[in-house]
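Trainee: sequence and computational prediction follow.
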Amino acid sequence: MNILIVEDDQTSRMLLALQAEDSDLDVRVVTANDGEEALRRMKQAARIELVLLDLTMPRMDGFEFLNHLRNMDAHAQTPVIVVTAHDLTDIDHHRLTANGVIKFLQKGRYDTQALTDAIALFMA
């Protein structure tokens, strides 16, 4: 499975990549620093099958990226797991679930197994 990790914090991005690659799952990771770079990666990568998405990023945040992603024919149904330190409001949850997000992980409140389990949900 090809996973795109969209995270502006280099340490968090590297940690997510290591956790995903070190799991027992067969994953390959592509990374992006923000939503703009992530959209370019979506167009360049052979096939992205899952996105791990931070919400609070410069230039293009996760909400805007998700809107663009859902307007791309090839990725309108690509699963997204939100991984954020952002305290989600009811409005945030509604916006995200309306765009097909069904899994949320709160930074600092999940362990490697929770991430592995979340990724496994979307493996074919």
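Mentor: Thanks, I have the structure now.
Trainee: other SSEs contacting the helix or strand hosting residue 114?
Mentor: Assigned by DSSP states H and E, residue 114 falls within helix 112-120. Counting contacts by 3 or more CB pairs under 8 Å, 6 or more residues apart in numbering; DSSP states H and E, helix 112-120 packs against helix 10-22, strand 80-84, strand 103-106. Placement of C-beta: from N, CA and C, glycine included.
Trainee: for stretch 74-81, which outside residues touch it?
Mentor: With CB atoms under 8 Å, 6 or more residues apart in numbering as the test, stretch 74-81 has contacts from 42, 48-53, 66, 69-70, 99-105, 118-119, 122.
Trainee: repeat that for 10 Å
Mentor: Contact with stretch 74-81 is made by 3-6, 39, 42-43, 47-53, 62, 65-66, 68-70, 72, 96, 99-105, 115, 118-119, 121-122, as judged by CB atoms under 10 Å, 6 or more residues apart in numbering.
Trainee: hang on, residue 117 packs against residue 23?
Mentor: Yes - with contact defined as CB atoms under 10 Å, residue 117 reaches residue 23; the gap is 9.4 Å.
Trainee: neighbour count for the two, which is higher?
Mentor: residue 23 (16 against 13; other CB atoms under 10 Å).
Trainee: ok, the more buried one touching residue 111?
Mentor: No - at 11.8 Å, residue 23 and residue 111 do not qualify as touching, with contact defined as CB under 10 Å.
Trainee: list the contacts for residue 72?
Mentor: 39, 42-43, 78.
Trainee: please repeat the previous calculation with a cut-off of 8 Å.
Mentor: residue 42.
Trainee: per-residue pLDDT, it?
Mentor: For residue 72, the model assigns a pLDDT of 91.
Trainee: circling back: mind giving me the PyMOL select for the contacts of stretch 74-81, buried ones only?
Mentor: Selection of the buried residues among the contacts of stretch 74-81 in PyMOL, burial being defined by 16 or more other CB atoms under 10 Å:
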select buried, resi 3+4+5+6+39+42+48+49+50+51+52+53+62+65+66+69+96+101+103+104+105+115+118+119+122
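Trainee: center of the chain - which residue?
Mentor: Most central in the chain under CA atoms, centre = their mean is residue 52, positioned 1.6 Å from the mean C-alpha point.
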